[in-house]
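Asks: What follows is a predicted structure for the sequence shown.
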Amino acid sequence: MTASPAVHRLTQYAHGGGCACKIPPGELEAVVAGLTGSMADPGRTVGDLLVGLEDGDDAAVVRLRDDLAVIATTDFFTPVVDDAYDWGRIAAANALSDVYAMGGRPVVAVNLLAWPREVLPFELAAETLRGGLDVASQAGCHVAGGHSVDDPEPKYGMAVTGIGDPDHLIRNDAGRPGVPLSLTKPLGIGVLNSRHKATGERFPHAIEAMTTLNEKAAQAAVAAGITAGTDVTGFGLLGHLYKLARASGVTAIIDSASIPYLSGAREALADGFVSGGTRRNLDWVRPHVDLSTVDESEALLLADAQTSGGLLLAGEVPGAPVIGELVERQEFVVVVR
């Protein structure tokens with residue numbers, strides 16, 4: 001692993017990186033409190049709002065017909081790697097993931113680009129957009145235009161529209177006791193990205209994980225009849241699992257020894273490459289999670305702010321390790337063993 005030869009290290013133009021830049025979950029929930037449900041005039045709306053803000057799902061869903069729902073989402077962030085093309089690919093895969101996390105299929109996306117036009121050359125913006133286009137094309141998703149603004153920090157992402165079957169959605173509030181929990185990508189992306197930002201070291205296996213679409217995992221989940229799940233991104237495994245278990249009225253039991261991590265993640269943690277977003281994640285969930293069996297380092301890895309992470313599913317899918325189970329609600333919403 002060597003330092004990036006890029007003239008412009010994109011991560012140095014942002015105060016944070018990737019999904020670690022999210023507004024802390026506790027603060028975000030306070031901001032959107034009271035905005036749940038549909039505020040539109042029922043006489044003017046098209047379709048029924050099936051999934052909104054109530055439980056912090058990955059996307060909004062409106063039923064248009066008995067067999068067709070439209071899924072809408074958006075996601076964008078500051079550079080998580082220095083290479084513009086890879087950043088574009090990662091940001092696109094991350095935005096598309098929200099549709100897959102609902103059990104849907106992306107149909108069309110529009111670009112969201114913020115660019116410091118007097119600081120960074122537009123050739124890098126073009127490379128970023130090319131990366132996004134390539135991943136969307138891989139997903140069979142159209143990319144049609146978008147919106148750009150002049151901004152002190154570079155930011156990129158997509159607004160994505162997808163479709164799904166209203167009777168086969170995957171959502172936060174559908175978890176039931178007695179169901180196993182599966183995780184489709186290893187953790188550790190956050191600490192490796194933090195190391196990359198600080199040192200310039202490249203981690204190709206982390207880029208591969210972030211640019212891998214959750215398409216096949218979503219298809220396998222729908223085929224298996226799984227109805228509860230989410231993707232693991234900026235709030236970390238603990239944060240996203242807490243939201244799912246809370247919405248479902250159950251407790252999630254995690255077997256910490258069964259959780260997979262990317263190579264080098266533990267070393268990056270030991271060397272202190274922990275984002276502020278990860279620490280805020282842990283502070284948010286700590287009152288609701290029993291962490292008595294693990295040390296602080298393990299807890300930080302479980303709260304590590306992921307970018308374009310895998311799916312966390314209430315059920316089993318081929319190739320994904322089972323990391324725990326859902327049980328009847330206990331004192332804690334999540335228990336780590």
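Replies: Received it, and whenever you're ready, just let me know what you need. Numbers count the residues shown, from 1 in each chain.
Asks: Which pLDDT value goes with H8?
Replies: The model reports H8 with a pLDDT of 85.
Asks: number of nearby residues for the closest residue in space to D173 that isn't next to it in sequence?
Replies: Nearest non-adjacent residue to D173, counting by Cβ to Cβ, 6 or more residues apart in numbering: A247, 4.0 Å away. Glycine gets a C-beta too; all of them are placed from N, C-alpha and C. A247: 19 surrounding residues under other Cβ atoms under 10 Å.
Asks: so A247 makes contact with V51?
Replies: No: here A247 does not reach V51: they are 10.9 Å apart, not a contact under Cβ atoms under 8 Å.
Asks: picking up where we left off before, which residues touch the residue nearest to D173?
Replies: Applying Cβ atoms under 8 Å, 6 or more residues apart in numbering, we find A247 in contact with E54, D55, G56, N172, D173, G175.
Asks: so which strand or helix has it?
Replies: In this assignment (DSSP states H and E), A247 forms part of helix 236-248.
Asks: What of F76?
Replies: In the assignment (DSSP H and E), F76 maps to strand 68-77.
Asks: What of E325?
Replies: Here E325, judged by DSSP H and E, is contained in strand 322-328.
Asks: Ok, A92 next?
Replies: helix 84-101.
Asks: quick revisit: ranking the contacts of A247 by neighbours, who comes first?
Replies: If you count neighbours using other Cβ under 10 Å, the busiest of those is G175, which has 26 neighbours.
Asks: my guess is it meets A245, correct?
Replies: Yes: if you go by Cβ under 8 Å, G175 and A245 touch, sitting 6.5 Å apart.
Asks: Now the common contact residues for the two.
Replies: Counting by Cβ under 8 Å, 6+ apart, the contacts common to G175 and A245 are A252, L326.
Asks: Return the residues in contact with A92.
Replies: Going by Cβ under 8 Å, 6+ apart, A92 touches A109, G131, G132, L133, D134, V135, A136, G157, M158.
Asks: Flag the shaky bits of the protein, pLDDT-wise.
Replies: Scanning the chain for pLDDT under 70 picks out the ranges 1-6, 16-26, 28-40.
Asks: 80 instead, please
Replies: Scanning the chain for pLDDT under 80 picks out 1-7, 15-46, 53-56.
Asks: Kindly provide the distance from L96 to G43.
Replies: Between L96 and G43 the computed distance is 34 Å (Cβ to Cβ, to the nearest Å).
Asks: residues contacting the spatially closest residue to A60 that is not a sequence neighbour?
Replies: Leaving aside its sequence neighbours, A60 sits nearest to A72 (Cβ to Cβ, 6+ apart; 4.9 Å). Contact analysis of A72 by Cβ under 8 Å, 6+ apart lists A59, A60, V61, V62, A159, V160, T161, G162.
Asks: Quick check, the fourth one in contact with V46.
Replies: In this case it means V62. Yes: in this structure, V62 is within contact of V46 by Cβ under 8 Å, at 7.4 Å.
Asks: tally of neighbours for G47?
Replies: G47: 14 neighbours (other Cβ under 10 Å).
Asks: which residues touch the closest residue to L183 other than its chain neighbours?
Replies: Leaving aside its chain neighbours, L183 sits nearest to I323 (5.0 Å; criterion: Cβ to Cβ, 6+ apart). By Cβ under 8 Å, 6+ apart, I323 lies in contact with L181, S182, L183, I254, D255, S258, I259.
Asks: do the same with L241
Replies: L241 makes contacts with L181, A252, I254, L312, V334, as judged by Cβ under 8 Å, 6+ apart.
Asks: Let me know the closest of those residues to T230.
Replies: Nearest to T230, judged by Cβ to Cβ, of the contacts of L241 is L312 at 5.4 Å.
Asks: Parallel or antiparallel, list what pairs with the helix or strand where the closest one lies.
Replies: Using DSSP H and E, L312 falls within strand 311-314. Within its sheet, strand 311-314 is paired with strand 180-183 (antiparallel), strand 229-231 (antiparallel), according to DSSP bridges.
Asks: Can you show me the helices along the stretch 201-337 of the chain?
Replies: All helices of the stretch 201-337 of the chain, identified by DSSP state H, counting those that start in this stretch, fall at 204-211, 215-223, 236-248, 265-270, 276-285, 296-302.
Asks: can you list those helices in a markdown table and add distance to A92?
Replies: As requested, these are exported to a markdown table (distance: least, Cβ to Cβ, whole Å):
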| stretch | distance to A92 |
| --- | --- |
| helix 204-211 | 8 |
| helix 215-223 | 12 |
| helix 236-248 | 20 |
| helix 265-270 | 24 |
| helix 276-285 | 21 |
| helix 296-302 | 26 |
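Asks: Good, wrapping up.
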